[in-house]
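Enquirer: Output the structure for:
(chains A and B)
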There are 2 protein chains.
Amino acid sequence: MNEAAGRDDAPLALMVRAIDEPGALHALTRVILEHRANITYVDIAERREDGSTVYFELEDVPSEAAADVLVNDLEALNIVQAVERAPSFQKVYGKRIIVIGGGAQVGQVVVGAVAEADRHNIRGERISIDTIPLVGEENLAGAVRAVARLPRAVGLVLAGALMGGEVARAVREVREKGIVVLSLNMPGSVPDAADLVVSDPVQCGVMAVMAVSASARFDINLQRGRRY
Amino acid sequence: MNEAAGRDDAPLALMVRAIDEPGALHALTRVILEHRANITYVDIAERREDGSTVYFELEDVPSEAAADVLVNDLEALNIVQAVERAPSFQKVYGKRIIVIGGGAQVGQVVVGAVAEADRHNIRGERISIDTIPLVGEENLAGAVRAVARLPRAVGLVLAGALMGGEVARAVREVREKGIVVLSLNMPGSVPDAADLVVSDPVQCGVMAVMAVSASARFDINLQRGRRY
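Expert: Numbers count the residues shown, from 1 in each chain, chains lettered A, B, ... in the order given. Below you'll find the predicted structure:
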């Protein structure tokens, strides 16, 4: 049981149910700091009248015994109602590809992307496809920029029939932050700003998954700038 | 400019670029606590060698002037490299519907859901459709349970050809936490556990969006237990 005792690979994921008041997160992070654990992910999942659920993923918790002490110390806080251990989002949902654009095109890109992700996930990967249909240059640019701060997002597909200007600038920004960007073939400057352009939406969805998969023999660096 | 001066409606959304070390979040939350602001959302969006980007949404910041002081106080911390104001995820991506199941069915549900969300988003709503194709009772149950702690998730669609047992138990749990659950018509006990069963996957996707939309004339309470 050495594997289970050491916590080197997987983060310690905790759901902490606490009273919703200013200072609650500050009190929780004090306990985590006292244990010298590093917070790699945090979010507030649920907010209700009677409390919030704060979800943490923690690194540098050396052992199962240390994890138990940390859980006990959190439970000892007055504001804490319950602490539960949970599988991490990375383990459950994995990498995320975000598809943004017009309803007709987003739907077809997702058909391809989900079918391809299915094949990878059956073999043990975890790839999620997330979408939002949107219109308008400002809305689209805002959604593109927000991808860079979405947890676990690694790829972006622009699925529309006309995108340029501020959207193309946003595409270049998120590419600099390490997001792989695919675009349908369309009027406007977005295709020129993307890593890769694919005309057929189903094929574009499939290639987006191949580009971010750990197992596919598809090197985005060899495809950059191409159009299919 | 009274509207802009008061901050009653929209949360104050901040991206804080900070050195990635134990205690960083504790230090940031101290400043926020000193301002008596309430943290309604937080996540760590980006982690790199040289630092992390922590994203906050804050309530109870009384004015633009108070927001500026808060930003300055955060910037004054040694660990902070930069603070940027950003539009909130709620504003950019809105409510989330999660579609989980087999690749073939998930793809078709999303075609319906994205087309319907498109129509709502054009009229000013923000509804996102997020998916993961998965197989296996344990994987599916884990993904269903995780929906309850996904930020902004309000609806769930089970899109498979056979789901029951632990998945059905997970469905009942997330329904108790306020998630609306739709299921395709299929063998297994999941359809009985869902709020609503729809046989056609495109129709199921459309109805999922109608069920969570603020504008649709569709009351899930009147539809509960029905099969279409």
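Enquirer: list the contacts for residue A:132?
Expert: Neighbouring residues of residue A:132 by C-beta atoms under 8 Å, 6 or more residues apart in numbering or on different chains: A:98-100, A:106, A:143, B:93-94, B:117, B:121, B:126-129. For every residue, glycine as well, the C-beta is placed using N, CA and C.
Enquirer: want to throw these into a markdown table with neighbour count and distance to residue B:82?
Expert: A markdown table is the format used below for the contacts of residue A:132 (neighbours: other C-beta atoms under 10 Å in any protein chain shown; distance: C-beta to C-beta, whole Å):
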| residue | neighbour count | distance to residue B:82 |
| --- | --- | --- |
| A:98 | 27 | 24 |
| A:99 | 31 | 30 |
| A:100 | 27 | 26 |
| A:106 | 29 | 33 |
| A:143 | 24 | 22 |
| B:93 | 25 | 23 |
| B:94 | 19 | 27 |
| B:117 | 32 | 34 |
| B:121 | 23 | 31 |
| B:126 | 20 | 27 |
| B:127 | 26 | 32 |
| B:128 | 26 | 28 |
| B:129 | 32 | 33 |
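Enquirer: out of those residues, which one sits closest to residue B:209?
Expert: residue B:117 (5.1 Å; C-beta to C-beta).
Enquirer: By residue count, what's the longest helix in chain A?
Expert: Longest among the helix segments of chain A by residue count, using DSSP state H, is helix A:103-122.
Enquirer: Excluding covalently adjacent residues, which one is nearest to the residue most central in space within chain A?
Expert: Compute the mean C-alpha point of chain A, and by C-alpha atoms, centre = their mean the closest residue is residue A:152, 2.4 Å away. Distance criterion C-beta to C-beta, 6 or more residues apart in numbering or on different chains; nearest residue to residue A:152, sequence neighbours excluded, is residue A:96 at 4.8 Å.
Enquirer: before we move on, what about residue A:85?
Expert: residue A:14 (6.0 Å).
Enquirer: That neighbour reaches residue A:58, doesn't it?
Expert: Yes: using C-beta atoms under 8 Å, residue A:14 is in contact with residue A:58, at 7.0 Å.
Enquirer: circling back to that earlier point, so which elements touch the longest helix of chain A?
Expert: strand A:95-101, strand A:127-133, strand A:153-159, helix A:201-212, helix B:103-122, strand B:127-133 (3 or more C-beta pairs under 8 Å, 6 or more residues apart in numbering or on different chains; DSSP states H and E).
Enquirer: Next, the angle from the longest one to strand A:95-101.
Expert: Taking axes from the mean of the first three to the mean of the last three C-alpha atoms, to 10 degrees, one finds that helix B:103-122 is oriented at 50 degrees with respect to strand A:95-101.
Enquirer: Now do the buried residues in helix B:103-122.
Expert: Neighbour-count burial for helix B:103-122 flags B:103-121 (criterion: 16 or more other C-beta atoms under 10 Å in any protein chain shown).
Enquirer: again, but for stretch A:190-210
Expert: Of all the residues in stretch A:190-210, those buried under the rule 16+ other C-beta under 10 Å are A:190-191, A:193-198, A:201-210.
Enquirer: Could you do stretch A:175-192 as well?
Expert: A:175, A:179, A:180, A:181, A:182, A:183, A:184, A:186, A:188, A:190, A:191.
Enquirer: contacting residues around it?
Expert: A:101, A:105, A:109, A:147-148, A:153-165, A:167-168, A:171, A:174, A:193-199, A:201, A:204, A:207-208, A:211-212, A:220, A:227, B:46.
Enquirer: Strands along chain A, start to end?
Expert: A:12-18, A:38-48, A:51-59, A:80-85, A:95-101, A:127-133, A:153-159, A:180-184, A:196-198 (DSSP state E).
Enquirer: Strand B:153-159 and the longest helix of chain A, what's the angle between them?
Expert: 70 degrees.
Enquirer: For helix A:103-122, list the C-alpha coordinates in CSV.
Expert: The C-alpha trace of helix A:103-122 is given here as CSV (Å, rounded to 0.1, in the frame of the first residue of the first chain):
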residue,chain,number,x,y,z
GLY,A,103,-25.3,27.4,-33.1
ALA,A,104,-25.2,25.5,-36.5
GLN,A,105,-21.5,25.2,-36.7
VAL,A,106,-20.8,24.7,-32.9
GLY,A,107,-23.3,21.7,-33.0
GLN,A,108,-21.4,20.0,-35.9
VAL,A,109,-18.0,20.7,-34.5
VAL,A,110,-19.1,19.1,-31.2
VAL,A,111,-20.4,16.0,-33.0
GLY,A,112,-16.9,15.4,-34.4
ALA,A,113,-15.1,16.3,-31.2
VAL,A,114,-17.3,14.2,-28.9
ALA,A,115,-17.0,11.2,-31.1
GLU,A,116,-13.3,11.5,-31.1
ALA,A,117,-13.1,12.2,-27.4
ASP,A,118,-15.2,9.1,-26.8
ARG,A,119,-12.5,7.0,-28.5
HIS,A,120,-9.7,8.5,-26.4
ASN,A,121,-11.7,8.4,-23.1
ILE,A,122,-12.5,4.7,-23.7
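Enquirer: Could you give the separation of it from the chain centroid?
Expert: The chain centre lies 17 Å from the centre of helix A:103-122; the measure is C-alpha atoms, centre = their mean, to the nearest Å.
Enquirer: cool, stretch A:112-127 as well?
Expert: 16 Å.
Enquirer: can you check stretch A:150-168 too?
Expert: On the basis of C-alpha atoms, centre = their mean, stretch A:150-168 sits 15 Å off its chain's mean C-alpha point.
Enquirer: do the same with stretch A:177-187
Expert: 17 Å.
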